[in-house]
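Asks: What shape does this take:
(2 chains)
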Amino acid sequence: MGELENKELFKSGHTACAGCGVAVGLRHIMKAIGEDCVIVNATGCVEIFTTAYPKSAWAVPYIHCVFENSAPVAAGVVEALRVQGNDHTKVVVISGDGASYDIGFGHLSGMMERGHDVLYISYDNEAYMNTGVQRSGATPWKAYTTTSQVGSVRKGKQQFKKPLTEIAAAHGIPYAATSTSAHYTDLQQKVKKALSIKGPKFLNVLMTCVPGWGTKPALSMQYLKDAVDAHVWPVYEIENGFLKLNMKPEKKPVETYIKGQKRFKHLNEQDVKEIQELVDEKWDRLLWKEKVDQERKAELEGHSGE
Amino acid sequence: MKPANGKPGKSMDNKTGSWRTERPVVDRDRCIKCGQCQLNCPDGCIFVTEEGAKPNYDYCKGCGICAQVCPVKCIKMETEEK
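Replies: Numbers count the residues shown, from 1 in each chain, chains lettered A, B, ... in the order given. From the prediction side, this is the model:
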């Protein structure tokens, strides 16, 4: 075993699919967090592929809890540590989109409202992949899953994706942000920045799923880059309520992202056009919101400087 | 009572390399040691050494991300033969 492998806190030998986007993201997240942490993980892909007893892929303290309560468990852990006088150990939740958007949503909201010093990372692969691709609140509009079938009446999911990052920011927490596992510099910087802030923090990270999205394993990182370039997954951070877009890539058409994904293969030209309109509308809204927020921020800073 | 055996990092016992159908082969003469393969590997099994990128075939599942992200395309995926 080489020296570099020894430094990894997320070890090889886990049983994720070949080309898993989540495993790439976890390596970066663990690098940014460091050794002094407790990881709380709800049921999901990550639990299954990292902790087949007794072979854990984690080289740090780790707790698995049921689907809905990763946020309260983390809150308990952090409060217990602080009572003992430990003010340095970071408590980080790593839970999937099913646990964050749907099942654990109320508990996540409660944790943020009570203001515990926890970083909540939602790894968003846009469906319940671990149980065989069922739709979740994170599944995009018109995407195929086993519970949003394509037929003559309905084609894929009929509802829009839940805007969880905005919902988290609306709790008035100090830091909420989005990232992807392919943009490792951005992801590691955001994890480090979030951990330097006291209070509840929320990070929503898009990660590919090879069987769920129906993509080639080798292209896992390419699809994430395309998602950002096509403005499908805007990368931004909301710090103390002020939104800032971290990446403003020149827009690629949404087809570049959709093409080759089996969950979108039923889409016709009209569907793609409708998705493009939705993406454009959301992007324009974000640009407008960033402008308003940054102007307001400058205004407030100007006042305090006088 | 014997303590539980779930030691940290024990997953290293799983040699997931047996899953592989294609293996990444690095042309070290062309490798520029940029580290893109190391950064994008889901299994943490390709590392940049002084001689260039070096895959660890004990764990490599052969997904091909390293070959795809390599900026100089010095990694080739070759069919695994018994």
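Asks: can you give me the strands in the stretch 51-200 of chain A?
Replies: A:62-65, A:90-96, A:118-124, A:175-180 (DSSP state E, counting those that start in this stretch).
Asks: okay if I get these as JSON lines plus mean pLDDT and distance to chain B?
Replies: Yep, even glycine has a C-beta here, placed from its N, CA and C like the rest. Shown next, in JSON lines, are the strands of the stretch 51-200 of chain A (pLDDT from 0 to 100; distance: least, CB to the nearest CB, whole Å):
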{"stretch": "strand A:62-65", "mean pLDDT": "93", "distance to chain B": "8"}
{"stretch": "strand A:90-96", "mean pLDDT": "96", "distance to chain B": "15"}
{"stretch": "strand A:118-124", "mean pLDDT": "97", "distance to chain B": "13"}
{"stretch": "strand A:175-180", "mean pLDDT": "97", "distance to chain B": "12"}
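Asks: surely B:G9 meets A:S56?
Replies: Yes: between B:G9 and A:S56 there is a contact under CB atoms under 8 Å: 6.9 Å.
Asks: Among the strands of the stretch 51-200 of chain A, which comes closest to A:I33?
Replies: strand A:90-96 (5.9 Å; CB to CB).
Asks: Enumerate the residues of the stretch 51-200 of chain A near chain B.
Replies: A:51-60, A:182, A:184 (CB under 8 Å from any CB of the partner chain).
Asks: make it 6 Å
Replies: Within the stretch 51-200 of chain A, the positions lying close to chain B (CB under 6 Å from any CB of the partner chain) are A:54-57, A:59, A:184.
Asks: from what I can see A:L164 touches A:A99, true?
Replies: No: in this structure A:L164 lies outside contact range of A:A99 using CB atoms under 6 Å: 11.4 Å.
Asks: Any chance of the strands of the stretch 51-200 of chain A in a markdown table with mean neighbour count as columns?
Replies: Below are the strands of the stretch 51-200 of chain A laid out as a markdown table (neighbours: other CB atoms under 10 Å in any protein chain shown):
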| stretch | mean neighbour count |
| --- | --- |
| strand A:62-65 | 18 |
| strand A:90-96 | 27 |
| strand A:118-124 | 27 |
| strand A:175-180 | 26 |
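Asks: A:V78 is in contact with A:D117, correct?
Replies: Yes: A:D117 is within contact range of A:V78, at 5.3 Å (criterion: CB under 6 Å).
Asks: Compare those two (neighbour count), which wins?
Replies: Under the criterion of other CB atoms under 10 Å in any protein chain shown, the comparison of A:D117 against A:V78 puts A:V78 first, with 23 against 19.
Asks: Please give me every residue in contact with the residue of the stretch 201-306 of chain A at minimum distance from chain B.
Replies: Closest approach between the stretch 201-306 of chain A and chain B, counting by CB to the nearest CB: A:A218, at 3.3 Å. Residues counted as contacts of A:A218 (CB atoms under 6 Å, 6 or more residues apart in numbering or on different chains) are B:64-65, B:68.
Asks: Which of these lies at the shortest distance from A:G19?
Replies: A:G19 has its nearest neighbour among these in B:I65, at 5.9 Å by CB to CB.
Asks: The closest residue to the closest one other than its chain neighbours: neighbour count?
Replies: Among residues not flanking B:I65 along the chain, B:N40 sits closest, at 5.2 Å (CB to CB, 6 or more residues apart in numbering or on different chains). Counted by other CB under 10 Å, the residues lying close to B:N40 total 23.
Asks: Now A:G212: closest residue in space that isn't a chain neighbour?
Replies: Using CB to CB, 6+ apart, the nearest residue to A:G212 is A:M129, at 4.3 Å.
Asks: Kindly provide the distance from that neighbour to chain B.
Replies: A:M129 sits 14 Å away from chain B, going by CB to the nearest CB, to the nearest Å.
Asks: Flag every buried residue along stretch A:208-227.
Replies: Residues A:208-210, A:212-213, A:215, A:217-227 are the ones in stretch A:208-227 that count as buried (16 or more other CB atoms under 10 Å in any protein chain shown).
Asks: Please work out the average pLDDT along that stretch.
Replies: Mean pLDDT, stretch A:208-227: 96.
Asks: A:A170 versus A:K289, what's the distance?
Replies: Separation of A:K289 from A:A170 (CB to CB, to the nearest Å) stands at 12 Å.
Asks: which one of the two has more residues nearby?
Replies: A:K289 (17 against 14).
Asks: Weed out the non-buried ones from the residues of the stretch 51-200 of chain A next to chain B.
Replies: The neighbour count (16+ other CB under 10 Å) marks A:55-57, A:59, A:184 as buried among these.
Asks: which non-adjacent residue is nearest A:L164?
Replies: Spatial nearest neighbour of A:L164, chain neighbours left out: A:Y101 (5.4 Å); criterion: CB to CB, 6+ apart.
Asks: and that neighbour, what does it touch?
Replies: A:Y101 neighbours (CB under 6 Å, 6+ apart): A:136-138, A:162, A:164.
Asks: re earlier: from memory the residue nearest to B:I65 sits against B:A67, does it?
Replies: No: in this structure B:N40 lies outside contact range of B:A67 using CB under 6 Å: 10.5 Å.
Asks: Would you mind naming what in chain B lies close to chain A?
Replies: Within chain B, the positions adjacent to chain A are B:5-6, B:8-14, B:16, B:39-40, B:42-45, B:47, B:59, B:61, B:63-65, B:68-69 by CB under 6 Å from any CB.
Asks: mind running it again at 8 Å?
Replies: So chain B meets chain A at B:4-16, B:19-20, B:38-45, B:47, B:49, B:56, B:58-59, B:61-65, B:67-69, B:77 (CB under 8 Å from any CB).
Asks: Now a ChimeraX select for only the buried ones of those.
Replies: Buried residues among the residues of chain B next to chain A (16+ other CB under 10 Å), as a ChimeraX selection:
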select /B:9,10,11,12,14,16,20,38,39,40,41,42,43,44,45,47,56,58,59,61,62,63,64,65,67,68,69,77
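Asks: So which of the residues of chain B next to chain A sit within helices?
Replies: Secondary structure from DSSP state H places B:38-40, B:65, B:67-69 of the residues of chain B next to chain A in helices.
Asks: any idea what sits nearest A:F10, other than its immediate chain neighbours?
Replies: Distance criterion CB to CB, 6+ apart; nearest residue to A:F10, sequence neighbours excluded, is A:M30 at 4.4 Å.
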